[in-house]
Structure formats: structure tokens, C-alpha cells
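# have a look; sequence and predicted model below, questions after that.
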Amino acid sequence: MRKVLKLLNSSFKVAVIGAHGGVGQSTSLLLKCNCNLISKLNLLDIVDPKGIALDLSHIPNKCKVRGFVVPDEVEEGLTGVDFVLFCLENGKITGHTRSSLFYGNAPLVEEHMNSIAKYCPSAMVAFITNPVNSLAPLAVQALANNGVDGSRRVVGVTTLDLIRTISFVSDMLDIEPSEVTSTVLGGHSGETITAIIRDGNFNESETADLCEKISDAGFDVYRARNNVSSTLGIAAAGFRITQSILSGLNGDPNVVDTAFVKSNLTRTSYFSSPVRFGKEGVEEIFPLPKFTKSQEEMLEKSFQYIEQEIQTGLDYFSKS
Ligand SMILES: NC(=O)c1ccc[n+]([C@@H]2O[C@H](COP(=O)([O-])OP(=O)(O)OC[C@H]3O[C@@H](n4cnc5c(N)ncnc54)[C@H](O)[C@@H]3O)[C@@H](O)[C@H]2O)c1
Ligand SMILES: O=C(O)C[C@H](O)C(=O)O
């Protein structure tokens, strides 16, 4: 007899933190329009997001959107939330390397993680906010400082690197995106975005150029948009990871997506690779495939950067 899949909830409460910003607004639009698993979409920002919420609420569907000002309305905005998506950025930061963002964003993230521990301790949490490789470990530690185990519930968003890889490879080979088997591992910063090209017959130097293009893609967008980083590609990537995480929470047994998670897969304590999402968050981390020699060398090179960036996140607590 065919087994009927029993899905549980189909009606999750989601919070977007930093919802007034470029990434926050475009991602919230996709979530409101396309995510049938969301019944309540709470927008949080230090700039009053009620106008954005009103605008989105005119799109007719079951998902109810409300705005909450940080810090006064954080309790109301986060209570009972199932999934929190971080899109905030400290406006006072100057310079734009992903790592230069750390010292501005870390205290804001710590404060919100303390609120999450208080008002929605079992929520899944995903970081679009940079630097992803440092802030996801910081967030897990912030929850631990509050007695909450977030090791399977906090993820860094690396799906933008994945969709870029799929787009570039499918364009170059003129094949359907669904046929692309190339992937991306490691983390979300220049030296750690490690594309694993498995399609086509690229020679060594073409493969190296393509991997570099994937790892530089964020800066290419930043330059081409006159110093504005991605808000549209990342919205699609943020939507994708939200859909994956909520489908897992909803009891779908086959949800696989790529994310930067606490991991034993390599010698770094966090790593981005394909994982299975379920009711408990990250439920399975898949073994790494066989690599070519040059892929192995690239990964080996990325480990030291990943570990340093993880350590930056963890050192935040020992130094403060
Ligand atoms: N992971 C990725 O692939 C990826 C891709 C693109 C952008 N990003 C990152 O996303 C982040 C947001 O980028 P953006 O272009 O939307 O920036 P933005 O400046 O347009 O928006 C940031 C928003 O955060 C809000 N904010 C500031 N402090 C806050 C606080 N304490 N609580 C709540 N909200 C607060 C601001 O008011 C603003 O509305 C950046 O860190 C950027 O580097 C990551
Ligand atoms: O560079 C950025 O801040 C944006 C983002 O990380 C990206 O990859 O586009």
C-alpha cells in the first residue's frame, strides 16, 4: 500500500530581523507571495517596518504580515516564532569586506539571540547577515550561554553560492538548471566558497576560472550595483532555505539543502554541505563525495580560513 505522508502543521510563524533593509524587503516579498507554509510573517527592524508590513498585507493570501519596532516590540515580534531569518546590518559599519562587518553586527546578533532564547527558544534560526561563517557560531554560543542548545537549529545561509553555481554552470553548458550536479561546499566568504564542478568537460584552468567567478560573484554584484550588495539573488536564496527548513519542520522526510552548520564532516567545527532538514532542525549531514586532487587541494586550503572565521565568532564572548 502506498504510504501517505503525514504533514504536520502547514502554518508556521516566521520572523525576519532587518526587514526594512534591501535584503529584508525583497525576501519578505517572496515569503509573503510564495510560501504556503507561513501563516504569520513578523517583520522586525529598528526602522519602523509597519509601512512595509501594510504594503505587503495588500497581497491577498492567508499569510498575515505585521511590523515590530526593535527594541520596544521585540517580545511581541518573537514570541512563539518557529523560524527566524537574520537580514540585519549595522548601518554604522564602514568598509565592505564580509569580515569588516563582524564587529558592527556581532553585538546586535547577540542581543537578538538573547531575546530568541527567551521568547522562542526552539525556533530554527538562519543567518543571511554577514559574516555568516562567524555569526552562526556566535549565535549557537549565545544560545548556549542562555542554556539553549542551538547546535542543530542555527544555520548560515550559503544557498546564494549554490544557486550562483547552478546558474553559471547551466548557462555555460546550455543545460537545464535541474540537470546541474555541481555544488558548493565550505563557507560564505571568498576563500571558503569552494565550488565542486562536476558537469561538462572543463579543463583545469577553465575549472579554476569558474570556481573563482563563483567565489567572487558577491563582489561582482556589489561593484556592478555601485556599492550595493545582492538583494535579489539573495532573496531567492533566502526564500529557498526558508522553504527547506519549514518543509523539514512540517514533517517532510526528504528535504535536502545546503547550509553552513555545526558539523563533524571535516576538521572544521562548522561546514557548509548538503544536509537533511527535519522536525529537529538539521537531522543528517551527508558524507562528502569523492573529490579530484585539485578539489581536495581547494578544500584543504579553505579549512584554515573557515576555522579562523569560526574562531572570530567564538572569541567574541571570551574577549567581551
Ligand atoms: N549570505 C548571503 O549570501 C548574503 C547576500 C547578500 C547580503 N548579505 C548580508 O545581508 C545583510 C543585509 O544586507 P542589506 O543590503 O539588506 O543591508 P541594509 O542596510 O539595506 O539593511 C539592513 C537592515 O537592518 C536593520 N537593522 C540595523 N540594526 C538592527 C537591529 N538591531 N535589529 C533589527 N534590524 C536592524 C537596518 O535598519 C536595515 O533596515 C548584510 O550583512 C549583507 O552583507 C548576505
Ligand atoms: O558581499 C556581500 O555582502 C553580499 C553577499 O555576501 C554576497 O555573496 O552577495
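In hand now; what should we look at? Ligands and ions are numbered 1, 2, ... in the order given.
# packing partners of the helix or strand that L299 is a member of?
With elements taken from DSSP states H and E, the one containing L299 is helix 293-319. Where contact means 3 or more C-beta pairs under 8 Å, 6 or more residues apart in numbering; DSSP states H and E, helix 293-319 is packed against helix 102-119, helix 132-145, strand 183-186, strand 193-196, helix 204-224, strand 270-278. C-betas here are computed from N, CA, C, even on glycine.
# I'd like those as TSV, with mean pLDDT and mean neighbour count appended.
Putting the helices and strands packed on helix 293-319 into TSV (pLDDT from 0 to 100; neighbours: other C-beta atoms under 10 Å) gives the following:
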stretch	mean pLDDT	mean neighbour count
helix 102-119	97	19
helix 132-145	98	25
strand 183-186	98	25
strand 193-196	97	24
helix 204-224	96	15
strand 270-278	98	24
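# of the ones you listed, which approaches ligand 1 most closely?
In terms of C-beta to the nearest ligand atom, the element of these nearest to ligand 1 is helix 102-119, at 4.0 Å.
# so what touches that closest one?
Residues outside helix 102-119 that contact it (C-beta atoms under 8 Å, 6 or more residues apart in numbering) are 17, 71, 74-75, 78-81, 84, 86, 88-90, 92-93, 123, 125, 127, 129-131, 134-135, 138-139, 142-143, 146-148, 312-313, 316.
# and the following helix or strand past it, what's buried?
Counting by DSSP H and E, the element after helix 102-119 in chain order, helix or strand, is strand 124-127. Neighbour counts over strand 124-127 (16 or more other C-beta atoms under 10 Å) mark M124, V125, A126, F127 as buried.
# got the CA positions of strand 124-127 in PDB?
Output in PDB follows, covering the C-alpha atoms of strand 124-127 (Å, rounded to 0.1, in the frame of the first residue of the first chain):
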ATOM      1  CA  MET A 124      15.200  27.500  13.800                       C
ATOM      2  CA  VAL A 125      17.500  30.500  13.000                       C
ATOM      3  CA  ALA A 126      19.200  31.300   9.700                       C
ATOM      4  CA  PHE A 127      21.900  33.900   9.000                       C
END
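# thinking again about what came up before, now the buried members of the contacts of helix 102-119.
Those of the contacts of helix 102-119 that meet the buried threshold are 17, 74, 78, 81, 84, 86, 88-90, 123, 125, 127, 129-131, 134-135, 138-139, 142-143, 148, 312-313, 316, by 16+ other C-beta under 10 Å.
# residue of the protein with the smallest distance to ligand 1?
For the chain, C-beta to the nearest ligand atom, closest residue to ligand 1: G21, 1.9 Å.
# right, and that residue touches L85 too?
No. Using C-beta atoms under 8 Å, G21 is not in contact with L85; the gap is 11.9 Å.
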